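> for reference, the sequence and a predicted model appear below.
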Amino acid sequence: MALLGKKLSTVFALHGLQYVMPIVVPVFFIALMVKIRVYATTLQDRIIRQEVAFRYYVATQKALPSSITGAQIIGLRFAGDNEFVSLVEQTAQHPEWTGKEIKKLVKNWKGDFNRV
């Protein structure tokens, strides 16, 4: 058996990699999973921005105000149709509002159950 181990080590010439690989491989796959998760949520945020802009355009025939930030748009997506336009206009007048503050102002909650 020792002879087989000696032959394998000369063929593959690991030079200590057998001690490093059990650490490197799992760390690589964890980093890969985190990167994929970041890509998925970034894509969803872009889709939410487009969806809210389109929803506002359909309701008002105007473009979404450019002063509204991404975090505010993500908060606005929970507003029901009857309060959406007024909440967008209030948000445009109050650029200091955060997404959480906007969510607290929503009275008719419209859930987003398709988030990753």
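Great, that's in hand.
> quick check: Met62 touching Val88?
If you look again at residue 62, you'll see it is Lys, not Met. No: contact status for Lys62 versus Val88: not in contact, 9.9 Å apart, counting by CB atoms under 8 Å. Every residue, glycine included, has its C-beta placed from N, CA and C.
> and for those two, which residues touch both?
Counting by CB atoms under 8 Å, 6 or more residues apart in numbering, the common neighbours of Lys62 and Val88 are Tyr56.
> more neighbours: these two, which one.
Counted by other CB atoms under 10 Å, Lys62 and Val88 do not tie: Val88 has more neighbours, with 24 against 10.
> secondary structure class of the more buried one, three-state.
At Val88 the chain is in helix, as set by DSSP: H, G, I helix; E, B strand; the rest coil.
> same thing with Thr91?
Assigned with three-state DSSP, Thr91 falls in the helix class.
> what's the local residue count around it?
Counted with other CB under 10 Å, the neighbours of Thr91 add up to 23.
> which non-adjacent residue is nearest Arg49?
Once flanking residues are discounted, Arg49 sits nearest to Ile73: 5.2 Å by CB to CB, 6 or more residues apart in numbering.
> is it true that that neighbour touches Glu51?
No: with contact defined as CB under 8 Å, Ile73 and Glu51 do not form a contacting pair (9.1 Å).
> which of these two has more residues huddled nearby?
The neighbour count for Ile73 versus Glu51, taken as other CB under 10 Å, is higher for Ile73 (22 against 13).
> give me the element that one is part of.
Using DSSP states H and E, the secondary-structure element containing Ile73 is helix 70-76.
> which helix of the chain spans the most residues?
Ranked by residue count and defined by DSSP state H, the top helix of the chain is helix 17-60.
> excluding its backbone neighbours, what's nearest Tyr57?
In space, and not counting its chain neighbours, Tyr57 is closest to Ala63: 6.5 Å by CB to CB, 6+ apart.
> and the one you found, how far is that from Gly80?
Note on Ala63: its distance to Gly80, by CB to CB, to the nearest Å, is 22 Å.
> of the two, which one has the most company?
With neighbours defined as other CB under 10 Å, Ala63 and Gly80 compare such that Gly80 has more, 12 against 9.
> which residue is nearest the middle of the chain?
Taking CA atoms, centre = their mean, the centroid of the chain lies closest to Thr41, which sits 2.0 Å from it.
> right, I'll leave it there.
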